[in-house]
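In: Okay, sequence plus prediction incoming.
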Amino acid sequence: MNETSMWELIHAERARLSDTLAALEPEQWEHDTLCKGWNVRQTTGHVLAGAEQTTAHFLSRFAASLFRFDVMTKADVQRYGALAPGVLVTRLRATTTTTNLPPAPIAAMLGEVVAHAEDICQPLGISSGVADEALIATLDAFANTGFPLGSKKRVAGLSLKANDIAWSHGSGPSVEGPAKSLMLVMVGRSTKLADLSGAGVGELTRRLS
C-alpha cells in the first residue's frame, strides 16, 4: 500500500473515532478501557499525542525522558488526558488531514487509531466501525512490528488466521479467531485470548503472561 492510500485510511479512522467520541456521555469518558490503568479520556489523549507528534518533538520528548519510551508515554498520557473531552475531540478531528508523524512507519499511525478505538469501544459495548481494509493493514503492520510493541516477537512461529475476514499470517501452531481479537492480543491485551482457539494459543498465552 502506498503512502497516499495509507494516509487515507488513517484519516478515515481518525474521523470515525472522533465521531464516536463526540457521541459519548460524560460518564463514559471515565470508563476503563482495555489499556490497563487508562480510562477513555486518557486513552484518547494517548491517540491524540501520537496524531499530533512530529519527528523533532518526539526526539526532544524522548531525550527529556532519558530515552525511556514508557516514561515518555506516561507523561504524555497524563498531560493530554487532562484535557476536556470536547478539546480532545476537536483536536483529534483536526488531525484528519495532517500527515505529520514521529520517526516511525506510517502504518504505526494507523495501528494507533485502530487498536485504541477497540480499546475504547469494546468495554463500552459499542462498535468502532473500523473498515476491514484498515483492520487488515493494521494486522499486517503489527505482525511485523518490533520496538516498541514487540508484537512481531509475540507471534513469531505461529500461524494466525482470522475467522471473520480474509487475513492470515505466519506458519506453525495455529491461532484462530476474530480479527480484532487477534490484533489486540498481538499488542498484549491478554483478555482477548479467550476469543482464540488452536494449538498455538497455549504458547501465545505463555508469551503474554
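Out: It's in. Bear in mind that the values here come from a model prediction, so they are computed numbers and not experimental data.
In: and residue 8, how many neighbours does it have?
Out: For residue 8, the neighbour count with other CB atoms under 10 Å is 14. In this view, the C-beta of every residue, glycine as well, is placed from N, C-alpha and C.
In: ok, and the closest non-adjacent residue to the residue nearest the centre of the chain?
Out: Nearest to the centroid of the C-alpha atoms of the chain, with distances taken as CA atoms, centre = their mean, sits residue 115, at 2.7 Å. In space, residue 115 comes closest to residue 187 once its chain neighbours are excluded; the distance is 5.7 Å by CB to CB, 6 or more residues apart in numbering.
In: ok, now which ones touch that neighbour?
Out: Neighbour list for residue 187: 111, 115, 142, 149, 151 [criterion: CB atoms under 8 Å, 6 or more residues apart in numbering].
In: picking that back up, what's the one helix or strand the residue nearest to the centre of the chain maps to packed up against?
Out: In the assignment (DSSP states H and E), residue 115 maps to helix 106-124. Helix 106-124 sits against helix 3-22, helix 40-51, helix 132-142, helix 179-186, with contacts defined as 3 or more CB pairs under 8 Å, 6 or more residues apart in numbering; DSSP states H and E.
In: from the middle of its chain, how far away would it be?
Out: Averaged C-alpha coordinates place helix 106-124 at 3 Å from its chain's average position (CA atoms, centre = their mean, to the nearest Å).
In: Between helix 179-186 and it, find me the angle.
Out: Counting by axes from the mean of the first three to the mean of the last three CA atoms, to 10 degrees, helix 106-124 lies at 110 degrees to helix 179-186.
In: Name all residues that make contact with the closest residue to residue 1 other than its chain neighbours.
Out: Nearest non-adjacent residue to residue 1, counting by CB to CB, 6+ apart: residue 137, 6.3 Å away. Listed by CB under 8 Å, 6+ apart, the contact partners of residue 137 are 1, 6, 9, 107, 110.
In: make it 7 Å
Out: Contact analysis of residue 137 by CB atoms under 7 Å, 6 or more residues apart in numbering lists 1, 9, 107, 110.
In: For residue 157, state which of those is nearest.
Out: Of all those, residue 107 has the smallest distance to residue 157: 22.2 Å, by CB to CB.
In: Please tell me I have it right and the closest one contacts residue 143.
Out: No. The pair residue 107 and residue 143 fails to qualify as a contact (CB atoms under 7 Å) at a distance of 10.8 Å.
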